[in-house]
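Asker: Quick one: sequence and predicted model below, then my questions.
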Amino acid sequence: MKNTGIILASMLGGLIVGSALTMLFTPQSGAELRKQIKDFIDDEVDKVKGTVNKVRDQIDEARCKCSAE
């Protein structure tokens with residue numbers, strides 16, 4: 001289970017770095033690029049927050065099932 005978390009974190013990090021490099025090497029103005037990077041990071045933070053909330057809900061649900069037994 002520990003290896004799965006490391007693999008997923010590595011993949012997520014690679015995706016973020018790859019996306020950032022792709023945006024940096026595309027011909028755009030600095031302002032456009034900064035806005036794209038900010039929007040991308042905001043979207044990724046929202047996705048991570050959603051995943052954390054989903055996992056938190058699953059943990060709470062599992063705790064309720066365990067305490068009910």
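Answerer: That came through, no problem.
Asker: what bits of the chain have low per-residue confidence?
Answerer: Within the chain, the stretches with pLDDT under 70 are 1-2, 68-69.
Asker: Can you tell me which residue sits nearest the middle of it?
Answerer: Residue closest to the average C-alpha location in the chain (Cα atoms, centre = their mean): Val48, at 4.0 Å.
Asker: which other helices and strands contact the helix ranked longest in the chain?
Answerer: Counting by DSSP state H, the longest helix found in the chain is helix 30-68. On a contact count with 3 or more Cβ pairs under 8 Å, 6 or more residues apart in numbering; DSSP states H and E, helix 30-68 meets helix 2-24. Any C-beta I mention is one placed from the backbone N, CA and C, and that applies to glycine too.
Asker: Could you give the separation of the helix it packs on from the chain centroid?
Answerer: How far helix 2-24 lies from its chain's middle: 9 Å, per Cα atoms, centre = their mean, to the nearest Å.
Asker: count of residues packed around the closest residue to Ile16 other than its chain neighbours?
Answerer: Nearest non-adjacent residue to Ile16, counting by Cβ to Cβ, 6 or more residues apart in numbering: Glu44, 6.6 Å away. Residues lying near Glu44 (other Cβ atoms under 10 Å) number 14.
Asker: thought Glu44 was touching Val17?
Answerer: No: between Glu44 and Val17 there is no contact under Cβ atoms under 8 Å: 11.9 Å.
Asker: can you list residues touching both of those two?
Answerer: By Cβ atoms under 8 Å, 6 or more residues apart in numbering, Glu44 and Val17 have no common neighbours.
Asker: Burial check on Gly50, number of neighbours?
Answerer: For Gly50, the neighbour count with other Cβ under 10 Å is 10.
Asker: and what of Arg56?
Answerer: Neighbours around Arg56, by other Cβ under 10 Å: 10.
Asker: Relative to Gly18, how far out is it?
Answerer: 28 Å (Cβ to Cβ, to the nearest Å).
Asker: Same check on Asp43?
Answerer: From Asp43 over to Gly18 (counting by Cβ to Cβ), the distance is 15 Å.
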